[in-house]
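Colleague: here's my sequence, what's the structure:
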Amino acid sequence: MRILVNASNIGKGGAAQVTQSICEGLIELNQHSFVVVLSTSAIQAKGVLPDDHVIEVIEHSVSRSYFTKITGREPFLDDLVTTRKIDCVLSVFGPTWWVPKCPHLCGFALAHIVMPESPFFRKMKLRTRIKSHLNSRIMSFFYHKCSRYYYTENEMISERLRKVLKQTKVYTVTNYYNQVFDHPERWKLSSLPPFLGKTFITLAAPYPHKNLPIAIDISRYLKNKYPDFLFRFVFSIEEKDYPAIDDELRCHFVFIGHVSIEECPSLYQQSDVVFQPTLLECFTAAYPEAMRMGKPIVTTDLSFARGLCGKSAIFYSPLSYQEAAESLYLVSTNESLVQSLVHHGREQLKDFDNYSDRVHKLVSLCELVVSEGSSS
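Modeller: Numbering: from 1, shown residues only. Below you'll find the predicted structure:
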């Protein structure tokens, strides 16, 4: 079977890392041939792939013109399907804007559409909330248009997506940590400034739903209630992308900017707690990454987080900086609790599809999609 792996619409961040991990897994599947289309933002995945008769790699970013969005046509990609005799398109994540003229399996990871109860929306002003709701309706239309077959990384999300995208089939193939974490020889050292206290690390892009600014109120609370407690927050963003910090709190923040996946294990090793204040996710790889690196997790008490973390995390009310602060302090001062969380994290990893399982399941779903298409 010839499969076109479509990452022509992928931007930076977690989606690019998932793309790289899936691409690396394709090497195991030499019974099929692949055409991999990588956007400019995802082109680093080319480094893990051989460009040979089994896997052909092409750089191309899908057009986001009105013509493509309205018609679903994209001449370059349409031509690839025809000339390479593609049997199925596997899109890492949608919406793809392009609608392939062949069976199409597409990933879904836009939690905004299926989690309207998230406190993220309650934080918005009414006008912004209305705009967000309208945008979700529009995106739902494009998802429905792009494919009849979807996979998500979380069974809870799959259940909800089935209700939103009626007359589509939705499967679950979970995310995992990247292959790099199991290959120390590929790790790159990224040194944090020396520090004698506790380090809370958050590897995430500065998206609003990540709720990273809550750390300012957490810092103020900890500084006032526990004046002898030494701590710092480490964020993988630029300081310019963060709200202004009072001078008295500035010493509690370190901004390291964007980091490569090869640098992540080193940063986890230098940290004490993985802090994830996110308000809206389908899946975040930070959870299995923390479990793999033996780090306790402090995160929001939301259904997706509990479902993914189980007993490996301490949960706090999503908008409560006081609870978040107390949770971080508790984990920082209770070694037996840390050991318990780390143990449960290792057990929780067994519930996920690992990176090899994932690519095999995705290709099996492509085979199913093609089979159903030929029999209909």
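
Colleague: just the strands in the protein please.
Modeller: Secondary structure of the chain by DSSP state E: the strands cover 2-7, 33-38, 55-59, 88-91, 104-107, 149-152, 169-172, 198-202, 231-235, 253-255, 273-276, 297-300, 313-316.

Colleague: what strands flank the fourth one, and is each parallel or antiparallel?
Modeller: Strands flanking strand 88-91 in the sheet, each with its direction: strand 2-7 (parallel), strand 104-107 (parallel) (DSSP bridges).

Colleague: may I have the last one exported as CSV, CA atoms only?
Modeller: As requested, C-alpha coordinates have been extracted for strand 104-107 and formatted as CSV (Å, rounded to 0.1, in the frame of the first residue of the first chain):
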residue,chain,number,x,y,z
HIS,A,104,-8.3,9.8,4.3
LEU,A,105,-7.4,9.2,8.0
CYS,A,106,-6.9,12.4,9.9
GLY,A,107,-5.7,13.3,13.5
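
Colleague: contacting residues around that strand?
Modeller: Strand 104-107 is touched from outside by 18, 88-94, 96, 143, 146-153, 362, 365-366, 369, with contacts defined as C-beta atoms under 8 Å, 6 or more residues apart in numbering. Backbone N, C-alpha and C define where each C-beta goes, glycine included.

Colleague: check stretch 190-201 too.
Modeller: Contacts of stretch 190-201 (C-beta under 8 Å, 6+ apart): 215, 229-234, 254, 256, 259, 263, 266-268, 270-275, 298, 328, 332.

Colleague: between the two ends of that stretch, how far is it?
Modeller: Length of stretch 190-201, first residue to last, C-alpha to C-alpha, to the nearest Å: 13 Å.

Colleague: which parts of it are buried?
Modeller: Residues of stretch 190-201 classed as buried by neighbour count (16 or more other C-beta atoms under 10 Å): Ser190, Leu192, Lys198, Thr199, Phe200, Ile201.

Colleague: which of the contacts of stretch 190-201 count as buried?
Modeller: Burial by neighbour count, 16+ other C-beta under 10 Å: within the contacts of stretch 190-201 this picks out 215, 231-234, 256, 263, 266-268, 270-275, 298, 328, 332.

Colleague: correct me, but Arg220 touches His252?
Modeller: No - using C-beta atoms under 8 Å, Arg220 makes no contact with His252, being 9.2 Å away.

Colleague: and the two? Which one has more around it.
Modeller: The neighbour comparison of Arg220 against His252 (other C-beta atoms under 10 Å) goes to His252, with 20 against 16.

Colleague: if you skip the residues just before and after it, what's nearest to the more buried one?
Modeller: Using C-beta to C-beta, 6 or more residues apart in numbering and skipping the chain neighbours, the partner closest in space to His252 is Ser219 (4.5 Å).

Colleague: my guess is the one you found contacts Cys251. True?
Modeller: No - in terms of C-beta under 8 Å, Ser219 does not count as a neighbour of Cys251; the distance is 9.3 Å.

Colleague: all helices for the stretch 151-300 of the chain, in order.
Modeller: 155-164, 214-225, 264-269, 286-292 (DSSP state H, counting those that start in this stretch).

Colleague: and the shortest one, average pLDDT?
Modeller: Regarding helix 264-269, the rounded mean pLDDT is 98.

Colleague: and for stretch 230-247?
Modeller: Taken as a whole, stretch 230-247 has a mean pLDDT of 97.

Colleague: CA atoms only: put it into PDB for me.
Modeller: Taking Å, rounded to 0.1, in the frame of the first residue of the first chain, the C-alpha atoms of stretch 230-247 are listed here in PDB:
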ATOM      1  CA  LEU A 230      13.600  28.600  47.500                       C
ATOM      2  CA  PHE A 231      12.000  27.900  44.100                       C
ATOM      3  CA  ARG A 232      12.000  28.900  40.500                       C
ATOM      4  CA  PHE A 233       9.800  28.400  37.400                       C
ATOM      5  CA  VAL A 234      11.500  27.400  34.200                       C
ATOM      6  CA  PHE A 235       9.500  28.100  31.000                       C
ATOM      7  CA  SER A 236      10.500  27.200  27.400                       C
ATOM      8  CA  ILE A 237       9.300  30.600  26.100                       C
ATOM      9  CA  GLU A 238      10.800  34.000  25.500                       C
ATOM     10  CA  GLU A 239      10.300  36.500  28.300                       C
ATOM     11  CA  LYS A 240       8.700  38.900  25.800                       C
ATOM     12  CA  ASP A 241       5.900  36.400  25.500                       C
ATOM     13  CA  TYR A 242       5.100  36.600  29.200                       C
ATOM     14  CA  PRO A 243       3.400  39.300  31.300                       C
ATOM     15  CA  ALA A 244       5.500  41.800  33.100                       C
ATOM     16  CA  ILE A 245       6.900  40.400  36.400                       C
ATOM     17  CA  ASP A 246       7.400  42.500  39.600                       C
ATOM     18  CA  ASP A 247      11.000  43.100  40.400                       C
END
